[in-house]
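Asker: sharing a sequence plus its predicted fold:
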Amino acid sequence: MARKVRVRFAPSPTGPLHMGGVRTALYNYLFARQQGGDFILRIEDTDSQRFVPGAEAYILEALKWCGITIDEGIEQGGPHAPYRQSERREIYLKYALQLVESGDAYYAFDTPEELAAIRSEFESRGETFAYNYTVRTRLATSLALSPEEVKTRLDRGDQWVIRFKMPENEEVRMHDLIRDEVVVNTSTLDDKVLYKSADALPTYHLANIVDDHLMEITHVIRGEEWLPSLPLHYLLYRAFGWSDTQPEFAHLPLLLKPGGGGKLSKRDGDKMGFPVFPLKWTSPTGEVSRGYREDGYFPEAFVNLLALLGWNPGTEQEIFSMDELIAAFSLERVSKSGAHFNPEKARWFNAQYLKARSDEELGALFLPILREHGLETTPEKAAQAAGLIKDRATFVNEFWDLSHFLFVAPTEYAPKAVSKFWKGDIPSHIVELRALLAEVNDFSQAHTEPLVHDWILSREYPMGKVMNSFRLALVGESSGPNLYSICEFIGKEETLRRLDRAIETLGIPASE
């Protein structure tokens, strides 16, 4: 009987969660939900020297903002708790010693000074030092020392590490769900450290294998930077006798910088003006990094753009809800090659989600912005204003700049627009238009638009010039939403007041 799908996202709290890490979490989540499985969050905090305060809370908040819900984890608990590796430290030594006893690993007592000396020796001969089968019996290891000497060193508290004993000249055949078959010869690999007595903690390689086994993980979906570690992980499963239940592996392509090679980094974002983290991050030293949330992105837009960075649905569809992503996602359609991030496409996604929001939803988001500018209005009026400008906006935080004239009459007029449109006979036409509108009772767009249009045609006035001058009087510039919708929004009295002010301020030039 097939096992229930169980996946894990296992970040290290060494800093803010990069958008590439969020994508890894998202793909795990989509796969688990589609397969009716579980999504586990495990914090891999065994690297105590690189631990950054606040990073763990940041990871949790970022996943929550993205709508990625956790089935088992440090907050939710679960049958395989604890879910922080630092709280599981007593588990790992047992398994490390088991490998020593089975002959698949060994003690190494080399000091940093001794290792530095042997590296220098190799370099002096123009060779690269690798801790592997060629040197492990010539160094201070339990493979070279007598059992008595090993016991003496252990008893007196010498520092040691346990290294995996990589087999010599063996082909390891592995299967990756994205990259198909991968074959590596063990002679190209070194003997990785699995456990360190100095801090009584395992390395990633041992801890993640043990935890994935004990937590019954069925699929490991992670970044391609871990692909070189796959042979070791296969061999560790074999050494423990767990090959029959080892998870399937899928290594995701890198997120690449826009328009070039190389992994997307914070430096690229700083240089090109976009965030690479889901949320704003303030480092312990006070350095602030931008976040998609604080830049005004909707979480749905952020998730949507990430999903399509490395995965192709096989259709022309680009806008997906989370439920649609879950239904459509498959590891078979994940690309082997890296995905270039396009900041303009990211903005496009947010604009699509903004346009799809109801006027009422956007109005509720606009109200606090209006209050920041000292304006109190009704939810209905804020929603109406949002509806007028949302097709021209990418972010809600642009609403004020796009609509301030709906709430505050212009006190200045754009000089270029004045010189272009407020000249000749046109201002006198605006005086006539003001008189026409003064007689209108129904100030709805549906009524005023055909009325003014027909009036201009009947007078044979230049339509574009009159309309641009009309807009200049109401808005102070020559751009904005539909002019008649502005009239309806501000009402008859305010429309006439603004026309009067423009006529008075800009004057009526003498006819040419």
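Answerer: Here it is on my side, so go on. Numbering: from 1, shown residues only.
Asker: when you work out contacts or count neighbours from here on, use the C-alpha atoms and nothing else.
Answerer: OK.
Asker: which ones are touching I162?
Answerer: I162 sits next to 96, 100, 105-108, 193-196 when contact means Cα atoms under 8 Å, 6 or more residues apart in numbering.
Asker: buried residues, the helix or strand of the chain at the bottom of the mean pLDDT ranking. List them.
Answerer: One helix or strand of the chain scores below all others by mean pLDDT, DSSP states H and E: helix 266-272, with a mean of 88. Within helix 266-272, the residues scored as buried using 16 or more other Cα atoms under 10 Å are 266, 268-269.
Asker: go on, stretch 86-102?
Answerer: 86, 92-93, 95-97, 99-100.
Asker: check stretch 25-38 too.
Answerer: For stretch 25-38, the neighbour count (16+ other Cα under 10 Å) marks 25-34, 37-38 as buried.
Asker: in a markdown table, list the residues you listed along with secondary structure.
Answerer: Below are these laid out as a markdown table (DSSP: H, G, I helix; E, B strand; the rest coil):
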| residue | secondary structure |
| --- | --- |
| A25 | helix |
| L26 | helix |
| Y27 | helix |
| N28 | helix |
| Y29 | helix |
| L30 | helix |
| F31 | helix |
| A32 | helix |
| R33 | helix |
| Q34 | helix |
| G37 | coil |
| D38 | strand |
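Asker: moving C-terminal from the strand or helix carrying H404, which element do we reach first?
Answerer: H404 belongs to helix 399-407 when elements are defined using DSSP states H and E. Next along the chain after helix 399-407, taking DSSP H and E as the criterion, comes helix 415-421.
Asker: tell me the mean pLDDT over that following helix?
Answerer: For helix 415-421, mean pLDDT is 94.
Asker: elements contacting that helix?
Answerer: Counting contacts by 3 or more Cα pairs under 8 Å, 6 or more residues apart in numbering; DSSP states H and E, helix 415-421 is packed against helix 463-475.
Asker: what residues of the helix it packs on count as buried?
Answerer: Of the residues in helix 463-475, those with enough neighbours to count as buried (16+ other Cα under 10 Å) are 465-475.
Asker: which stretches of the stretch 351-500 of the chain form helices?
Answerer: Assignment of helices within the stretch 351-500 of the chain using DSSP state H, counting those that start in this stretch yields the ranges 359-372, 379-389, 399-407, 415-421, 426-438, 445-459, 463-475, 483-506.
Asker: can you add distance to P231 and give the ones you listed back as JSON lines?
Answerer: Shown next, in JSON lines, are the helices of the stretch 351-500 of the chain (distance: least, Cα to Cα, whole Å):
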{"stretch": "helix 359-372", "distance to P231": "51"}
{"stretch": "helix 379-389", "distance to P231": "56"}
{"stretch": "helix 399-407", "distance to P231": "53"}
{"stretch": "helix 415-421", "distance to P231": "68"}
{"stretch": "helix 426-438", "distance to P231": "79"}
{"stretch": "helix 445-459", "distance to P231": "69"}
{"stretch": "helix 463-475", "distance to P231": "67"}
{"stretch": "helix 483-506", "distance to P231": "66"}
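Asker: the helix or strand just after the least confident helix or strand of the chain: how far from the chain's middle?
Answerer: Going down the chain from helix 266-272, the next helix or strand is strand 281-282, by DSSP H and E. Strand 281-282 sits 15 Å away from the centroid of its parent chain (Cα atoms, centre = their mean, to the nearest Å).
Asker: try stretch 147-157
Answerer: 50 Å.
Asker: mind listing what's buried in it?
Answerer: Across stretch 147-157, burial judged by 16+ other Cα under 10 Å covers V150.
Asker: still on that earlier bit, mind listing what's buried in the helix holding H404?
Answerer: Buried, per 16+ other Cα under 10 Å, within helix 399-407: 399-400, 402-403, 405-407.
Asker: A130: which of the residues you listed is nearest?
Answerer: F399 (59.4 Å; Cα to Cα).
Asker: ok, the closest one touching L388?
Answerer: No - counting by Cα atoms under 8 Å, F399 does not reach L388; the two are 10.1 Å apart.
Asker: so who does the residue lying closest to K4 once chain neighbours are set aside touch?
Answerer: Closest residue in space to K4, ignoring its immediate chain neighbours: G37 at 6.0 Å, by Cα to Cα, 6 or more residues apart in numbering. With contact set as Cα under 8 Å, 6+ apart, G37 has these partners: 4-7.
Asker: what about the strands in the chain?
Answerer: Ranges of strands in the chain, per DSSP state E, are 6-9, 38-41, 105-108, 161-164, 171-176, 180-185, 193-196, 201-202, 219-223, 248-252, 255-256, 281-282, 288-289, 339-340.
Asker: out of those strands, nearest to L451?
Answerer: So among the strands of the chain, strand 339-340 is nearest, using Cα to Cα, at 51.8 Å.
Asker: how far off centre is the closest one?
Answerer: The answer for strand 339-340 is 14 Å, by Cα atoms, centre = their mean.
Asker: same deal with stretch 385-402?
Answerer: Relative to the chain's own centre, stretch 385-402 is displaced by 24 Å; criterion: Cα atoms, centre = their mean.
Asker: now stretch 251-263
Answerer: 14 Å.
Asker: gap between the two ends of it?
Answerer: Using Cα to Cα, to the nearest Å, one end of stretch 251-263 lies 15 Å from the other.
Asker: what residues of that stretch count as buried?
Answerer: Buried residues in stretch 251-263, defined by neighbour count with 16+ other Cα under 10 Å: 251-258, 263.
Asker: domain ranges for the protein, per the record?
Answerer: Domain segmentation of the chain under automatic domain parsing yields 86-252, 409-506.
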